[in-house]
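K.L.:
predicted structure and sequence below. I'll ask about it afterward.
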Amino acid sequence: MKKLVLTVLSFFFVTQLFAQNIETSFALYTGLMHFAGPSATSSTAINKGFTNTSILNYTNNPYGSKTEFGFGIDLQAQLVTKKQFIAGLQIGTEILKSKVDITGINSGSLPFPSKAEGSTNINNNYINLNPYIGYRLPLPKVKLDILTGIEFGYITNSYERGSAKADNGATYKTQRDRKTVSVDNRLKFGLAAHYDRIGLTASYAYGLTNYLGSMIGGTNPSAHTEVIRIGVSFFIFND
């Protein structure tokens, strides 16, 4: 990772000799995340512990294929050459969530799972590093950037939190650590449209990291993230 950062910084140093603009900006955005892959699911059950506590209970498969809202902020610097090619680096932090519906409660005292209604979220806190390249379309008044790059999402915290009400009236909650990987590597594609110093941003990130890669059992368990972000950006410096 140090080599990557040094390479990007060196590239900035060399290419600024040919740059038309050096731009810095920050953005606030909403992030929508879900898990995809063979092991991702839209519904599952809560497995009840020996006693009904949120620590002992756990979601059978918390890697939900349903989207949930999160939020984040980022800071970026980019070089725009006279030919309208772009090279940039974006750093940010965000909280993203996935969702899975709870339809049952598994208990050792019951022959079959009891029906339930609720949901579980996996809450991931990330620090993101995103080197990227792109091209600026030559439009009048509006700056429209087409961007692509690699995103490294460093996971600082990951936990499951769920709640469901069973058909017998009892409420079951879960809360446990779910950090299985340290970095979520993603391919990222985005658009940024700016008028004067204010802009709109939109991006899609496809996760390359298998969150179940360290698990034993099952047939090749696999779940990766997909993230859509929509936000508002503001130029800090635009030379």
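P.N.:
Arrived safely.
K.L.:
for residue 223, see how far away residue 167 is.
P.N.:
Going from residue 167 to residue 223 by C-beta to C-beta, to the nearest Å gives 29 Å. To be clear about C-beta, it is placed using only N, CA and C from the backbone, and glycine gets the same treatment.
K.L.:
no, scratch that, I was asking about residue 184
P.N.:
As defined by C-beta to C-beta, residue 184 lies at a distance of 11 Å from residue 223.
K.L.:
ranges for the strands of the chain?
P.N.:
With strands called from DSSP state E, the chain shows them at 19-36, 43-47, 58-59, 66-81, 85-106, 114-137, 142-166, 171-177, 183-195, 198-207, 224-238.
K.L.:
want to throw the ones you listed into JSON lines with mean neighbour count, mean pLDDT and distance to residue 213?
P.N.:
As requested, the strands of the chain are exported to JSON lines (neighbours: other C-beta atoms under 10 Å; pLDDT from 0 to 100; distance: least, C-beta to C-beta, whole Å):
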{"stretch": "strand 19-36", "mean neighbour count": "18", "mean pLDDT": "93", "distance to residue 213": "13"}
{"stretch": "strand 43-47", "mean neighbour count": "20", "mean pLDDT": "95", "distance to residue 213": "20"}
{"stretch": "strand 58-59", "mean neighbour count": "22", "mean pLDDT": "95", "distance to residue 213": "19"}
{"stretch": "strand 66-81", "mean neighbour count": "18", "mean pLDDT": "97", "distance to residue 213": "22"}
{"stretch": "strand 85-106", "mean neighbour count": "20", "mean pLDDT": "97", "distance to residue 213": "17"}
{"stretch": "strand 114-137", "mean neighbour count": "19", "mean pLDDT": "97", "distance to residue 213": "16"}
{"stretch": "strand 142-166", "mean neighbour count": "18", "mean pLDDT": "97", "distance to residue 213": "14"}
{"stretch": "strand 171-177", "mean neighbour count": "17", "mean pLDDT": "94", "distance to residue 213": "17"}
{"stretch": "strand 183-195", "mean neighbour count": "18", "mean pLDDT": "97", "distance to residue 213": "12"}
{"stretch": "strand 198-207", "mean neighbour count": "18", "mean pLDDT": "98", "distance to residue 213": "12"}
{"stretch": "strand 224-238", "mean neighbour count": "17", "mean pLDDT": "95", "distance to residue 213": "10"}
